[in-house]
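Chemist: okay, here's the prediction I keep looking at, along with the sequence it came from:
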Amino acid sequence: MVGQGLITVLLVPFVKEVLGGTALQFGWLVTAQGIGGVLGGVVMARLGMSGATVRVVSGSLGAVGITFIAMVNSASLPASLVLIALVGGPATAYTIAVQTLLQIYSEDAFRGRVFATYGSVTIFALLIGMVSASFLAGVIPLVDTLNAAGAIFLVAAVLGWRIRVPTLIAPAADPESDAAASV
């Protein structure tokens, strides 16, 4: 979310300064990302979630990072439209996988607290990225700062790939299967 905060603040200047675009082209870019996100949701629904959701999270973050870095270095509106649409799919897969993991690995009694904590931490990280972008914009070239945002996604992907959530905590017990097993 720190990387996303950087992107949130710097995407408009990127469209204006690097792509030479206007508000209309910015709208196209955001629409292309939305279309990619919807298609990513459709693909995720077809694939379903399996025990490999941690890998989906990491792979999605890596795909977002690589694709975003390619986009900011393309300096071409048509290429950027295609690449940001490709970012939308893995971004949606990431969101779905994280939500699935939080539901699977939190007990019913604590699920609300888990989601509240997750939401608070992610919003705080987003804020850190947004404030950082405000300071970095005048110091570091725009494309370099956006490359750093993409690199943050890649670092998160590598770190996430190394984490084995199922070895850290067991899934919450399914009361229906426990009741059936005791009968």
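Modeler: Now that the structure is in, tell me what you want to look at.

Chemist: point out where the protein drops to low pLDDT.
Modeler: 48-52, 164-183 (pLDDT under 70).

Chemist: give me that answer again for 80
Modeler: Applying pLDDT under 80 to the chain flags residues 43-55, 163-183.

Chemist: what's near enough to touch A151?
Modeler: If a contact means Cβ atoms under 8 Å, 6 or more residues apart in numbering, then A151 has 3, 65, 69 as its contacts. Bear in mind the C-beta positions are built from the backbone N, C-alpha and C, glycine included.

Chemist: for the helix or strand containing G160, C-alpha coordinates in PDB please.
Modeler: Using DSSP states H and E, G160 falls within helix 142-162. Taking Å, rounded to 0.1, in the frame of the first residue of the first chain, the C-alpha atoms of helix 142-162 are listed here in PDB:
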ATOM      1  CA  LEU A 142       8.800  11.400 -11.500                       C
ATOM      2  CA  VAL A 143       9.600   8.200 -13.500                       C
ATOM      3  CA  ASP A 144      12.200   7.200 -10.900                       C
ATOM      4  CA  THR A 145       9.700   7.600  -8.100                       C
ATOM      5  CA  LEU A 146       7.100   5.600  -9.900                       C
ATOM      6  CA  ASN A 147       9.700   2.900 -10.600                       C
ATOM      7  CA  ALA A 148      10.400   2.800  -6.800                       C
ATOM      8  CA  ALA A 149       6.600   2.300  -6.300                       C
ATOM      9  CA  GLY A 150       6.800  -0.700  -8.700                       C
ATOM     10  CA  ALA A 151       9.900  -2.000  -6.900                       C
ATOM     11  CA  ILE A 152       8.000  -1.800  -3.600                       C
ATOM     12  CA  PHE A 153       5.400  -4.200  -5.100                       C
ATOM     13  CA  LEU A 154       8.300  -6.500  -6.200                       C
ATOM     14  CA  VAL A 155       9.900  -6.500  -2.800                       C
ATOM     15  CA  ALA A 156       6.500  -7.300  -1.200                       C
ATOM     16  CA  ALA A 157       6.100 -10.200  -3.700                       C
ATOM     17  CA  VAL A 158       9.500 -11.700  -2.900                       C
ATOM     18  CA  LEU A 159       8.800 -11.400   0.900                       C
ATOM     19  CA  GLY A 160       5.400 -12.800   0.500                       C
ATOM     20  CA  TRP A 161       6.700 -15.700  -1.500                       C
ATOM     21  CA  ARG A 162       8.900 -16.600   1.500                       C
END
